[in-house]
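# Sharing a model that was predicted from the sequence below.
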Amino acid sequence: MHYRNGREAKNGDKIIQLDFEGQVVACGVLHSATPGNDYCNGFIAPIQHPVATACMVDCLHVDDVQAMLAEKGLDKRPPGK
């Protein structure tokens, strides 16, 4: 199992999920993923408290994160194998 950037995926990893166009759609902890499959495999357990204090110096706007992903070529889903 591997992430969009090629890094090996493991249950218990803290992850963000992107859609086909690089939009952030979920974040949490990967669980119940089965080795050998990079598509529609596993679940994301949410980890954020519903009300969180925003300290602006620790935050990024989602558009800026998407731009950084695009700079690295990670904004598009890789072709199927």
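Thanks, I have it. Keep in mind the model is a prediction, meaning the values are calculated, not measured.
# what about the longest strand in the chain?
strand 24-31 (DSSP state E).
# Please export the C-alpha coordinates of that one as PDB.
C-alpha atoms of strand 24-31 as PDB (Å, rounded to 0.1, in the frame of the first residue of the first chain):
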ATOM      1  CA  VAL A  24      -8.500  18.000   1.000                       C
ATOM      2  CA  VAL A  25     -11.600  16.000   1.800                       C
ATOM      3  CA  ALA A  26     -10.700  14.100   5.100                       C
ATOM      4  CA  CYS A  27      -8.000  13.800   7.700                       C
ATOM      5  CA  GLY A  28      -7.500  11.300  10.500                       C
ATOM      6  CA  VAL A  29      -5.900   7.900  11.200                       C
ATOM      7  CA  LEU A  30      -5.700   5.100   8.600                       C
ATOM      8  CA  HIS A  31      -7.200   1.800   9.800                       C
END
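# Double-check Tyr39 against Pro78; I have them as touching.
No: Tyr39 is beyond contact range of Pro78, at 10.4 Å (criterion: C-beta atoms under 8 Å). Backbone N, C-alpha and C define where each C-beta goes, glycine included.
# The two: which is more packed in?
Set Tyr39 next to Pro78 and count neighbours by other C-beta atoms under 10 Å: Pro78 wins out with 12 against 8.
# right, and the helix or strand after the longest strand of the chain?
Sequence order places strand 43-45 as the next helix or strand after strand 24-31, per DSSP states H and E.
# Counting by contacts, list what that next one packs against.
strand 24-31 (3 or more C-beta pairs under 8 Å, 6 or more residues apart in numbering; DSSP states H and E).
# So which bits of the strand it packs on are buried?
Using 16 or more other C-beta atoms under 10 Å as the test for burial, strand 24-31 gives 28, 30.
# ok, it: who's next to it in the sheet?
strand 14-18 (antiparallel), strand 43-45 (antiparallel) (DSSP bridges).
# avg pLDDT for the longest strand of the chain?
Across strand 24-31, pLDDT averages out at 88.
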